[in-house]
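Asker: Below is the sequence, then the predicted model.
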Amino acid sequence: MRNTTSEINIELMRRNFLISGSLIYLIGVLSASNKLVNFFSLYFLGLNKFGMNSLESIEGNTWRGIAPSAEGMGEFFGFVMLFSLMTYFYFKKKLNYFDFFLLFLNILGLLRTNNFAAISSMALVLIIFLINSYIKSRNFKVIIYSTFLVLGVALYFLFLREFSFQFLSSIMYFEGVQASEIYFKFMENEFGLNDAEKGNYQFLLEIPKEQRNLSTSLNFLIDRYTYGGNIKFLPHYTSLLSLVSYFINRSQKWGVFFAKYNPNIEEFLFGYGPQQITDYYFGHATKYNFGLELPHSSLFNYLIFFGIFGIIILFFFAIKFLVTNYKNGITNYLFAYLLLNFLKSDALLYVPNFILLIFVLNFGKYNNPVEKID
């Protein structure tokens, strides 16, 4: 048998991605529109739960069609669009009318999932790819990136100036405290608010440990936020973490995560073990010990499973991959797109999204794509 490991059919691969995304969207729409199709899609497609039974999003769950995760599906639709456009520009593989029709269906799927992170990260990665590909002057690139930076700062002050930095830097910790089961008997003010509800973290840290009942992770972060050394004109890392969580709509989710994440030194360093969430979930009493409360971050999921050492090792290999594939076409851009989305989604808990990551990691091996495989 002929060895084809160094060859790849870009057009066929792109077409298969487009068809896959389109079929998922169409079957999802049919499944949501008809109860019989909904049952058959569960039975014959081997789904792990029923697809959406409505075309409308429900509270706390955006539209996901027949997929297990709306976020994961949004990332896939965004990936298909990014891959299609990059192969068009980089490999000069033209899109025909049928490809554009399939691309349109994937756009509809992405919009239905309401995944702003996938849309914005896809646009960001595509813009950077186009700038690096078509602009050769380094000075001109610096001017363009500086312009985007200035516009970003201007947009921040224009749309978010009503929020103080103190609010943005502490909102995640406020959510974590509200999720915690605190046993201390607070005194309420004239408005019926106690110190926990007012975000008086210094007072909380003075309460005896067994009465404040904060998790080890939340207690550490609040302590560093309150008493950590500050450098003039530079925000503390705890403030940056909270600020980022607000911008990507994860303040409440990450606050609950830190309220529940209660590791000892060994568990923090090495994790609870692969796919082990029982100790994390039931190991510390909070107000959210019901249902499935995930961190909504693949990074935090892996912190639970493999600890900080595991995260460092994964980070090392991610950097090594980016350096190794620095001049390898579109591979790094696709990998960066996935990494940006994994920060705010649980997608790596699902096999399809994990396989998509494996595909990107191996795509970098194909340095000399050809049009056809014999």
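Answerer: In hand now; what should we look at?
Asker: and residue 172, what is it in contact with?
Answerer: The contact partners of residue 172, by C-beta atoms under 8 Å, 6 or more residues apart in numbering, come to 241, 242, 245, 246, 250, 251, 254, 255, 258. Bear in mind the C-beta positions are built from the backbone N, C-alpha and C, glycine included.
Asker: Can you give me the pLDDT of the closest residue in space to residue 128 that isn't next to it in sequence?
Answerer: Spatial nearest neighbour of residue 128, chain neighbours left out: residue 333 (7.3 Å); criterion: C-beta to C-beta, 6 or more residues apart in numbering. pLDDT recorded at residue 333 is 94.
Asker: The one 10 residues further on too?
Answerer: In the prediction, the pLDDT value recorded for residue 343 is 85.
Asker: packing partners for the lowest-mean-pLDDT helix or strand in the chain?
Answerer: Lowest by mean pLDDT, DSSP states H and E among the helices and strands of the chain is helix 195-198, with a mean of 72. Applying 3 or more C-beta pairs under 8 Å, 6 or more residues apart in numbering; DSSP states H and E, one finds that helix 195-198 contacts helix 165-179, helix 201-206.
Asker: mind listing what's buried in the first one?
Answerer: It stands for helix 165-179. 168, 169, 170, 171, 172, 173, 174, 175, 176, 177, 178, 179 (16 or more other C-beta atoms under 10 Å).
Asker: Now tell me what touches the strand or helix carrying the residue nearest to residue 128 from outside.
Answerer: Using DSSP states H and E, residue 333 sits within helix 331-342. When contacts are defined by C-beta under 8 Å, 6+ apart, helix 331-342 is touched by residues 71, 75, 78-79, 82-83, 86, 117-118, 121-122, 124-126, 128-129, 297-299, 318, 321-322, 325-326, 347-348, 356-357, 360-361, 363-364.
Asker: hmm, 6 Å instead?
Answerer: 75, 82, 117-118, 121, 125, 129, 298, 322, 325, 348, 357, 360, 363-364 (C-beta atoms under 6 Å, 6 or more residues apart in numbering).
Asker: Residue 27: which of these is nearest?
Answerer: residue 75 (18.4 Å; C-beta to C-beta).
Asker: so where does that closest one fall, helix or strand?
Answerer: helix 70-90.
Asker: Local confidence estimate at the closest residue in space to residue 28 that isn't next to it in sequence?
Answerer: Excluding the flanking residues, the one nearest residue 28 by C-beta to C-beta, 6+ apart is residue 65, at 2.2 Å. Listed pLDDT for residue 65 reads 84.
Asker: Same check on the one 3 residues further on?
Answerer: pLDDT, residue 68: 80.
Asker: Phi, psi for it please.
Answerer: phi -70, psi -20 (degrees, to the nearest 10).
Asker: Any idea how many residues pack against it?
Answerer: Using other C-beta atoms under 10 Å, residue 68 has 18 neighbouring residues.
Asker: returning to what we had before: tilt between the helix holding residue 333 and helix 70-90?
Answerer: 160 degrees (axes from the mean of the first three to the mean of the last three C-alpha atoms, to 10 degrees).
Asker: Having no further points to raise, I will conclude here.
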